[in-house]
Each structure stands twice: as structure tokens, then as C-alpha cells.
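[1] Any chance you can model this:
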Amino acid sequence: MTNYFKNNIFWQKYLVTRIKREKKYGHKSIVIWFTGLSGSGKSSIANYLEKILFENDIHTCLLDGDNIRSGLCSDLSFQKLDREENIRRIGEVSKIMLEAGMIILVSVISPYRYQRNMISNILGKKNFLEIFVNTPIDICKDRDPKKLYAKAHAGVISDFTGINDVYEIPERPNLLLDGTDSLKKNSKKLIKILYDNNIISFNKID
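    Below is the predicted model:
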């Protein structure tokens, strides 16, 4: 940030605060960050979980990597620096939504540990749950819903995570999910961690 911005931008204090919103909504806000290979099941799990939360009157927003790329980050390439900026922007949007008292579900590959550490620093560790969707790459390739692995093997896509670029497995995720398990089974685990962290007040799903 330049000196001009430092000297001329002042943080606006809001009359309606995050704490007030949380009290009104009856739940706390948190960012649930789903990381894993393409095809691991991140988006499917996040979608399923959000539906459960919504049906229980929880205020949520789902930020999917591809959807973000279609709008907010449509100006970015898939080169390393632009991928970092993509993650940073998602983190900053998530931070704003935290103040709105919402549970934010983020589904994005975010392959590097330093990226995920950056998000933890932006949000604050207590506001960030790192969920690693661990799915064997052979299963991800078999699923290949977007045909990206096929394109990577054909040389159409370069620097594709899992093929010609690395995915750095989280060292200490808040929760590890098996991407081959059912959506319901994984959602039960997620509901439990939210309940155990006093984010929501229920821990049972049908």
C-alpha cells in the first residue's frame, strides 16, 4: 500500500457489527475452506453442506473457484502469480462476508500451503477451518467432470495441479474428508466440527 493510501484512507466503523449479526442470526460466522485436487468432490460436498445449513436457517454463501473465475477473477490467468492473486481476492471477499455474520463455504483447489497460510492470516486463524478433501488422483482422473485431466495429459493445459504441477497436502487440516465417502457421511463430519466449535447449535442431520 502506497503512502498516499496510508495517509488518505480511514477505516469506517459500522453501527451494525458482526457480533450483533451473529446474535440476531443465532449462529457464528466462519470460513470453511475446502481444498483438494480437481475432481476430489470439494464442490459437491460444499453444495450438499450448504443445503443442510440453509434448511436449518443458517445464513450461508458458497464461493466456488470456477464461479469466481467467471466474474471477480476473470481478468486473471492460471500462471502462479495470478493464481496467488485469485486466492487472495477470495480471501478478502470471505473476510467481508465474515463481518456479515455468514458461514462462508469456499471450494477452491488452492494447491500450495503458503496460499492457505495467507488466507489464515487474512481471516485470522479462529475464523478459518481448513478442510482437506483427500481423494486418490486415479479416482479424480476417472471422474474428470470437466475433462481437465484429459486436456492436461494431451498438453492442452499446462501447469495443471496433480499432473505437471504439485499439490501440497495440508499438514494439519482442521478436518480430513475421504472424497470417496458419501456426501451425507462427509456432511455429518462437517456438522460435528461446526457444532464442536460452537458455530452452530445443532449436530444432527436426517
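[2] Only C-alpha atoms from now on, for both contacts and neighbour counts.
    Noted.
[3] Just list the residues touching Pro173, thanks.
    Counting by Cα atoms under 8 Å, 6 or more residues apart in numbering, Pro173 touches Leu129, Glu130, Ile131, Phe132.
[4] list the contacts for the first one?
    Listed by Cα under 8 Å, 6+ apart, the contact set of Leu129 reads Ile30, Val31, Ile32, Trp33, Pro173, Asn174, Leu175.
[5] what bridges to the last one?
    Assessed by DSSP bridges, Leu175 has beta-bridge partners Ile131.
[6] give me the element Tyr114 is part of.
    helix 113-123 (DSSP states H and E).
[7] That helix: how far from the chain's middle?
    11 Å (Cα atoms, centre = their mean, to the nearest Å).
[8] Tell me where the protein has strands.
    Taking DSSP state E, the strands of the chain run over residues 30-35, 60-64, 103-107, 128-134, 175-178.
[9] okay, these in TSV with distance to Phe202 and mean pLDDT next?
    Output for those, formatted as TSV (distance: least, Cα to Cα, whole Å; pLDDT from 0 to 100):
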stretch	distance to Phe202	mean pLDDT
strand 30-35	16	98
strand 60-64	16	97
strand 103-107	14	98
strand 128-134	18	98
strand 175-178	18	98
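[10] Can I get those in JSON lines including distance to Tyr114?
    Shown next, in JSON lines, are the strands of the chain (distance: least, Cα to Cα, whole Å):
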{"stretch": "strand 30-35", "distance to Tyr114": "13"}
{"stretch": "strand 60-64", "distance to Tyr114": "20"}
{"stretch": "strand 103-107", "distance to Tyr114": "17"}
{"stretch": "strand 128-134", "distance to Tyr114": "13"}
{"stretch": "strand 175-178", "distance to Tyr114": "18"}
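[11] quick one: which of the ones you listed is nearest Thr161?
    Minimum separation from Thr161 across these (Cα to Cα) falls at strand 30-35, 12.0 Å.
[12] partners of that closest one, with directions?
    Under the criterion DSSP bridges, strand 30-35 sits next to strand 103-107 (parallel), strand 128-134 (parallel) in its sheet.
[13] residues making contact with it?
    By Cα under 8 Å, 6+ apart, strand 30-35 touches 42, 46, 94, 98, 102-111, 127-133, 199.
[14] repeat for stretch 186-200
    So stretch 186-200 is contacted by 26-30, 45, 48-49, 175, 177-178, 201-205 (Cα under 8 Å, 6+ apart).
[15] how close does Gly36 get to Ser201?
    Gly36 sits 28 Å away from Ser201, going by Cα to Cα, to the nearest Å.
[16] quick one: which of these two has more around it?
    When neighbours are counted by other Cα atoms under 10 Å, Gly36 and Ser201 differ, and Gly36 comes out ahead with 26 against 14.
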